[in-house]
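1. Make a model of this:
(one chain, ligands or ions: 1)
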Amino acid sequence: MRDKQASKLVFDKVYHRYGDVAVLENLNLEVKAGEVVVLVGPSGCGKTTILNLLSGHIAPVSGKITREGTARTVYQQDGLFPWLTVSENVGIGLRSVKDEKRRDYDMTELLELVNLKSFGNHYPHQLSGGMRQRAELARVLAGDSDILLMDEPFSALDYQARLNMRSELARVLEKKPRTVVFVTHDIEEAAQLADRVLVLSKRPATICRELSITVPRPRGLADDEVVEAMRMILRELGLNNTSSVPE
Ligand SMILES: Nc1ncnc2c1ncn2[C@@H]1O[C@H](COP(=O)(O)OP(=O)(O)OP(=O)(O)O)[C@@H](O)[C@H]1O
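-> The predicted structure is shown next:
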């Protein structure tokens, strides 16, 4: 399998616009191998555009993007095929893997990893939203991609399911480390998951604050560093009403 340390993402003076609308202006960004970077910022500032540029779905107008390693994207709505079982959906994640390597991937292990071992023969409509996102996670972890690009993957779930998915992702990354770029509007999620939070300005997006969080995952919502990170993100986003953040 590929050396996980090899994956790295770099934006060098990236400029992008749609028509006349400049979305990114000379954005510099570096994500180290194995790092979990969370992007937060105002709606429409260009977070999804950054992921699409990182995945190669779109090309920048100017500037250079370096991506060492293969990337898979997880979206807000799960991308499972409704006519395939969970195992078959997860198996699709192995499409890019050469036949002789496929036997290295144990489907049971993947399903176990996301706590869906008994649901391999179920169809997506027989699962809850959280279970579907877990199946999606197994699908993107299957195969040999080193980079996960996650675009508000848990935002369609209810609060309890979101909390569960955060600790699930933390646990999965502990077992199968990946380089992750994660977009969210949820500052709790950012503070609980990120090694580094990048707070973006409004369009054209620049990085107005970088925040490293060193406490190991999984992290409690009331952990000092998590609470402090939430405070700083709120302040940076101009949402200074900190009364809802636990003292
Ligand atoms: N394909 C496109 N064509 C034209 N304009 C686009 C396109 N995609 C995005 N935009 C515009 O570019 C800007 C940035 O969009 P983007 O989706 O990257 O922002 P975002 O930060 O992810 O937003 P949100 O937080 O609301 O999801 C927005 O003004 C959006 O309307």
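2. Give me every residue in this structure lying close to the ligand.
-> Taking C-beta under 6 Å from any ligand atom as the contact definition, the chain meets the ligand at 18, 21, 23, 41, 43, 44, 45, 46, 47, 48, 49, 203. Every C-beta, even on glycine, is put in place using the N, C-alpha and C of the backbone.
3. mind checking which helix or strand the closest residue in space to the second one that isn't next to it in sequence is in?
-> When you say that, I think you mean residue 21. Among residues not flanking residue 21 along the chain, residue 203 sits closest, at 7.5 Å (C-beta to C-beta, 6 or more residues apart in numbering). Residue 203 is part of no helix or strand when elements are defined by DSSP states H and E.
4. circling back to that earlier point, if any of the residues of the chain next to the ligand are buried, put those into a ChimeraX selection.
-> Typed into ChimeraX, the next command selects the buried ones out of the residues of the chain next to the ligand (criterion: 16 or more other C-beta atoms under 10 Å):
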select :23,41,45,46,47,48,49,203
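5. can you name the two of the residues of the chain next to the ligand that are farthest apart?
-> 18 and 41 (17.0 Å; C-beta to C-beta).
6. ok, how many other residues are close to residue 112?
-> By other C-beta atoms under 10 Å, 13 other residues sit near residue 112.
7. Checking my notes, it in a helix, right?
-> Yes. Using DSSP: H, G, I helix; E, B strand; the rest coil, the assignment for residue 112 is a helix.
8. contacts for stretch 217-234?
-> Residues from elsewhere that reach stretch 217-234 (C-beta atoms under 8 Å, 6 or more residues apart in numbering): 40, 166-167, 170-171, 173-174, 187-188, 190-194, 197, 199, 209, 211, 213-215, 240-242, 245-246.
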